[in-house]
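Engineer: this is a predicted model, with the sequence first.
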Amino acid sequence: MTLRIIFMGTPEFSVPTLRALKEAGHEIVAVYSQPPRPGGRRGLDLQKSPVHQAAELLGIPVFTPLNFKEEAERERFRALQADVAVVVAYGLLLPEAILQGTRLGCYNGHASLLPRWRGAAPIQRAIMAGDAKTGMMVMQMEKGLDTGPVALTREVEIGENTTAGELHDQLMLVGARAMVEAMDKLEADDLPLTPQVEDGVLYAAKIDKSETRIDFSRSAEEVHNHIRGLAPFPGAWTEAVVNGKSERIKVLASELATGEGEPGTVLDDRLSVACGSGAVRLARLQKAGGKPLDGSEFLRGTPILPGMRLG
């Protein structure tokens with residue numbers, strides 16, 4: 001026996017789960033993904049999402065509705081006669097008609113330990129908050145935002161220097177294995193559901209550009225968590241005056257360092273920078289239009305000297 005599955009996802013994070021379900025022998029009757037968006041160097045070419053591209057390579061039909069407001073879209077979904085819908089970072093809130101549009105409902109792979117970090121940016125927010133662990137949860141979906149009962153949990157530790165990009169790549173593989181296990185249990189009618197607790201609810205708001213600038217007046221731990229939580233995208237940034245010109249510099253990796261001084265002051269020739277308390281070492285940087293470079297290599301082309309102020 002296999003399940004007839006509708007898969008709903010958009011970014012690269014979702015692709016391993018799609019492939020794992022297919023490899024596990026389930027029948028993926030259709031894939032839903034966000035519509036192609038402008039891309040390319042000039043933003044003139046429409047680019048299909050990573051899930052859309054993966055589905056085409058697997059020979060699976062792909063649908064890309066803007067929403068499910070039209071009854072025709074809802075009927076097309078129901079007409080697929082799927083057993084279950086699997087949702088991983090799809091990017092649309094699903095109406096009740098879709099949540100109830102399959103025999104067994106919809107199950108979501110979410111990258112946090114619910115109810116902590118419901119919402120759009122759980123990986124970044126967990127690191128920015130200094131969490132020591134996170135995980136993947138398989139949850140039965142309901143109308144509320146990430147409020148449904150939990151079916152499966154897989155915890156993952158967050159290292160002191162782990163970036164959002166590194167955690168993203170780890171969790172997407174953990175999530176793929178967890179969803180296959182959950183679907184196998186669902187098929188066997190052996191998937192227990194546990195309601196989420198009411199305590200500890202936090203919302204992971206989408207990252208806004210206004211919060212990406214580094215504030216060196218904060219503690220070293222907070223600055224370090226901010227940098228790694230935004231790496232590699234969208235990237236935390238600061239400014240430095242180089243050869244008489246102010247340049248914006250992205251910081252893609254950092255480490256806690258020793259030293260103290262006026263916040264934003266460069267303390268040594270290894271790019272240690274004073275914070276409100278303590279210091280951080282800027283370990284990987286990128287100038288506008290340049291490529292990411294380790295700190296020592298960056299300094300060879302960009303003179304940032306002890307005593308200079310960043311910010």
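Structural biologist: Happy to help now that I have it.

Engineer: sheet partners, orientation included, of the lowest-mean-pLDDT helix or strand in the chain?
Structural biologist: Sorted by mean pLDDT, DSSP states H and E, the helices and strands of the chain end with strand 37-39, the least confident at a mean of 86. Pairing partners of strand 37-39, with direction, according to DSSP bridges: strand 45-47 (antiparallel).

Engineer: excluding its backbone neighbours, what's nearest residue 50?
Structural biologist: Taking C-beta to C-beta, 6 or more residues apart in numbering as the measure, residue 50 lies nearest to residue 12, with 4.4 Å between them; neighbours along the chain are not counted. Yep, even glycine has a C-beta here, placed from its N, CA and C like the rest.

Engineer: residue 295 now?
Structural biologist: Excluding the flanking residues, the one nearest residue 295 by C-beta to C-beta, 6+ apart is residue 271, at 4.8 Å.

Engineer: please apply the same query to residue 20.
Structural biologist: With C-beta to C-beta, 6+ apart as the measure, residue 176 is the residue that lies nearest to residue 20, at 4.0 Å, once sequence neighbours are left out.

Engineer: average pLDDT for the helix or strand harbouring the one you found?
Structural biologist: Mapping residue 176 onto the secondary structure by DSSP states H and E places it in helix 164-187. Confidence for helix 164-187, expressed as mean pLDDT, is 98.

Engineer: just the C-alpha atoms of that helix, please, in CSV.
Structural biologist: Presented in CSV, the C-alpha positions along helix 164-187 are these (Å, rounded to 0.1, in the frame of the first residue of the first chain):
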residue,chain,number,x,y,z
ALA,A,164,21.2,30.0,9.7
GLY,A,165,22.4,28.6,6.4
GLU,A,166,24.1,25.6,8.1
LEU,A,167,21.0,24.9,10.2
HIS,A,168,18.7,25.2,7.2
ASP,A,169,20.7,22.5,5.4
GLN,A,170,20.7,20.2,8.4
LEU,A,171,17.0,20.6,9.1
MET,A,172,15.8,20.1,5.6
LEU,A,173,17.4,16.6,5.6
VAL,A,174,16.1,15.8,9.1
GLY,A,175,12.6,17.0,8.0
ALA,A,176,12.6,14.8,4.9
ARG,A,177,13.3,11.7,7.0
ALA,A,178,10.7,12.7,9.6
MET,A,179,8.0,13.2,7.0
VAL,A,180,8.6,9.8,5.5
GLU,A,181,8.4,8.2,8.9
ALA,A,182,5.2,10.2,9.6
MET,A,183,3.5,9.2,6.4
ASP,A,184,4.5,5.5,7.0
LYS,A,185,2.8,5.7,10.4
LEU,A,186,-0.2,7.5,8.9
GLU,A,187,-0.6,4.8,6.3
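
Engineer: so what's residue 92 up against?
Structural biologist: For residue 92, the contact set (C-beta atoms under 8 Å, 6 or more residues apart in numbering) comprises 34, 67-68.

Engineer: for residue 207, state which of these is nearest.
Structural biologist: Nearest to residue 207 among the contacts of residue 92: residue 34, at 17.9 Å, using C-beta to C-beta.

Engineer: separation between the nearest residue to the closest one once chain neighbours are set aside and residue 239?
Structural biologist: The spatially closest residue to residue 34, leaving aside those adjacent along the chain, is residue 10, at 4.4 Å (C-beta to C-beta, 6+ apart). For residue 10, the distance to residue 239 equals 33 Å [C-beta to C-beta, to the nearest Å].
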